[in-house]
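S.K.: Starting from these lines, generate the structure:
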Amino acid sequence: MGNTGIISPVDTRNMIIPRRATSIFYNAATPNGGAYGSETDEYNIFYSPNGLFRHGGPGGQPFFRTNQTYARVIDRESDALVIYMLRYELYPSMFHQAKFDSCNGGKSLSTDLTDATFAKFAKLSDLPVSSLAQSTIGGMRWQTG
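M.R.: As a prediction, the model looks like this:
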């Protein structure tokens, strides 16, 4: 396993646990474009044809040729999570607590993402999905081989 805790360079008694962030942004609260706290609008601010983030940095090609819909955002983000799961990565995925607010007929941005992720994973594997305690992950050392 090469994806375990990292010894802290500040205090070697501590382990740092890397987390995988999603692009379900901390300040987004609704899937609806044009609404206050729109995940879709926020995503497009960064990744659309006129977005701030570019392949290779400033001046590079945009990530997408068209603005993305909420469905495409969830599809893309769930693809990334499934890839991490299939790699058996120990890094936890990072979700912001506010993303669990109901916004979509009793669902949330996080439940939309996790529902899509688990549905895709179930089509590829019948293995159980589980999470290790942070103390377990932090206690692991980098291993090779």
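
S.K.: Output the below-cut-off pLDDT ranges for the protein.
M.R.: Within the chain, the stretches with pLDDT under 70 are 1-5, 97-104, 138-145.

S.K.: Please enumerate the helices of it.
M.R.: 39-47, 70-86, 109-124, 134-139 (DSSP state H).

S.K.: Go ahead and flag the most central residue of the protein.
M.R.: With distances taken as C-alpha atoms, centre = their mean, Thr22 lies nearest the centre of the chain, 2.2 Å away.

S.K.: What is the burial count for the residue nearest to His55 when sequence neighbours are not counted?
M.R.: Spatially, and ignoring its direct neighbours in sequence, His55 is nearest to Gln61 (4.7 Å; C-beta to C-beta, 6 or more residues apart in numbering). Quick note: C-beta positions are derived from backbone N, CA and C, even for glycine. Gln61: 10 surrounding residues under other C-beta atoms under 10 Å.

S.K.: next one: Arg87
M.R.: Neighbour number of Arg87 under other C-beta under 10 Å is 10.

S.K.: so how far is Ala28 from it?
M.R.: Remark: distance between Arg87 and Ala28 (C-beta to C-beta, to the nearest Å) = 27 Å.

S.K.: one step back: does the residue nearest to His55 touch Arg54 like I think?
M.R.: Yes. With contact defined as C-beta atoms under 8 Å, Gln61 counts as touching Arg54 (6.4 Å).

S.K.: Contacts only, for Thr114.
M.R.: With contacts defined as C-beta atoms under 8 Å, 6 or more residues apart in numbering, Thr114 has no neighbours.

S.K.: how much space between the nearest residue to Asp75 once chain neighbours are set aside and Arg72?
M.R.: Nearest residue to Asp75 in three dimensions, chain neighbours excluded: Ala116, at 6.8 Å (C-beta to C-beta, 6+ apart). Distance from Ala116 to Arg72, counting by C-beta to C-beta: 11 Å.

S.K.: who's more crowded, the two?
M.R.: Ala116 (19 against 14).

S.K.: Enumerate every residue touching the more buried one.
M.R.: 74-75, 77-78.

S.K.: quick one: which of those is nearest to Arg65?
M.R.: Relative to Arg65, the closest of those is Asp75; by C-beta to C-beta it sits at 16.3 Å.
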